[in-house]
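[1] got a predicted structure here, sequence first:
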Amino acid sequence: MSSHHIVRENQEPALLIQDFKALDREMLDQLLEWSPTIIVDEYAVDFLLAEEIKIDIVFSKSTPFFIQEQTKLFSIRDSFLDSAFDYLISNSYSAVNILCSSLDSLADKYAAFINIVAFYDNKRYVYVQGHYEKWKQNGEKVYVNEGAVKSLEGLRRLGQGVFETTHSGFFRLDFNSSDFICVGEDI
């Protein structure tokens, strides 16, 4: 980052850690490079403290025995993800990266209010509307619910919900609904 680059409050995506095992340390370090707001539940606190990662916000059903100085503590209302998404949206965050153990349908519920990128099972998922276009190398996999796909370019079907790029360059997916659609890729 250059010295003249100004980062405004909530400009960078927050990092919501529901499952700290979702990414290896190298990939996690890449997400931490821009010093995102780090939001966790009580179960991730010990791991992050052991890794010397500063935690900004903890959502808990009980009070953890130790949290870092200046760490905010909030109660979980319905679920950790509901509480965290509500916090992010009410505090005007425009984007969030989530390390998760499953692609929870809650992300679908909140995708209209905040840009969501989910990391799960060695894949990166984005929630998009209408269409999705991206440059990829030949032979790379793309994961999407094929029932939502109206048309595609630059991809061939490999199996249920799994596609492969047919050449190096842009591929495109057009969807048959205005709903947010989850599109994944290997990382």
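    Nice, I can see it. All values derive from a computational prediction rather than experimental measurement. Residues are numbered from 1 along each chain as shown.

[2] send me the helix or strand that contains Arg172 as PDB with only the CA atoms.
    Element membership for Arg172 (DSSP states H and E) is strand 169-175. Taking Å, rounded to 0.1, in the frame of the first residue of the first chain, the C-alpha atoms of strand 169-175 are listed here in PDB:
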ATOM      1  CA  GLY A 169     -10.100 -16.200 -21.300                       C
ATOM      2  CA  PHE A 170     -13.500 -14.900 -20.100                       C
ATOM      3  CA  PHE A 171     -16.400 -17.200 -19.400                       C
ATOM      4  CA  ARG A 172     -19.900 -16.000 -18.800                       C
ATOM      5  CA  LEU A 173     -23.000 -17.400 -16.900                       C
ATOM      6  CA  ASP A 174     -26.400 -15.900 -17.400                       C
ATOM      7  CA  PHE A 175     -29.100 -16.800 -14.800                       C
END
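
[3] can you name the element that comes right after that strand?
    Sequence-wise, the next helix or strand downstream of strand 169-175 (DSSP H and E) is strand 180-186.

[4] buried ones in the strand holding Arg172?
    Buried residues in strand 169-175, counted by 16 or more other CB atoms under 10 Å: Phe171, Leu173, Phe175. For every residue, glycine as well, the C-beta is placed using N, CA and C.

[5] which among those gets closest to Ala111?
    Closest to Ala111 out of these is Phe175 (13.0 Å), distances taken as CB to CB.

[6] contacts for stretch 167-174, please.
    130-138, 142, 144, 149-155, 165, 181, 183 (CB atoms under 8 Å, 6 or more residues apart in numbering).

[7] now with 10 Å, please.
    128, 130-140, 142, 144, 146, 148-155, 163-165, 181, 183 (CB atoms under 10 Å, 6 or more residues apart in numbering).

[8] okay if I get the buried residues of strand 169-175 as TSV plus distance to Pro36?
    Shown next, in TSV, are these (distance: CB to CB, whole Å):
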residue	distance to Pro36
Phe171	29
Leu173	28
Phe175	29
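
[9] residues in contact with the lowest-mean-pLDDT helix or strand in the chain?
    When each helix and strand of the chain is scored by mean pLDDT, DSSP states H and E, helix 105-110 comes last, with a mean of 80. By CB under 10 Å, 6+ apart, the residues outside helix 105-110 that reach it are 78-82, 84-86, 88-89, 96, 98, 100, 104, 114, 116-118, 125, 127, 179-182.

[10] give the next helix or strand downstream of it.
    Using DSSP H and E, the helix or strand that follows helix 105-110 in sequence is strand 115-120.

[11] what sits against the closest residue to Ser177 other than its chain neighbours?
    Excluding its sequence neighbours, the residue lying closest to Ser177 (CB to CB, 6 or more residues apart in numbering) is Ala148, at 6.0 Å. By CB under 10 Å, 6+ apart, Ala148 lies in contact with Gly161, Leu173, Asp174, Phe175, Asn176, Ser177, Asp179, Phe180, Ile181, Cys182, Val183.
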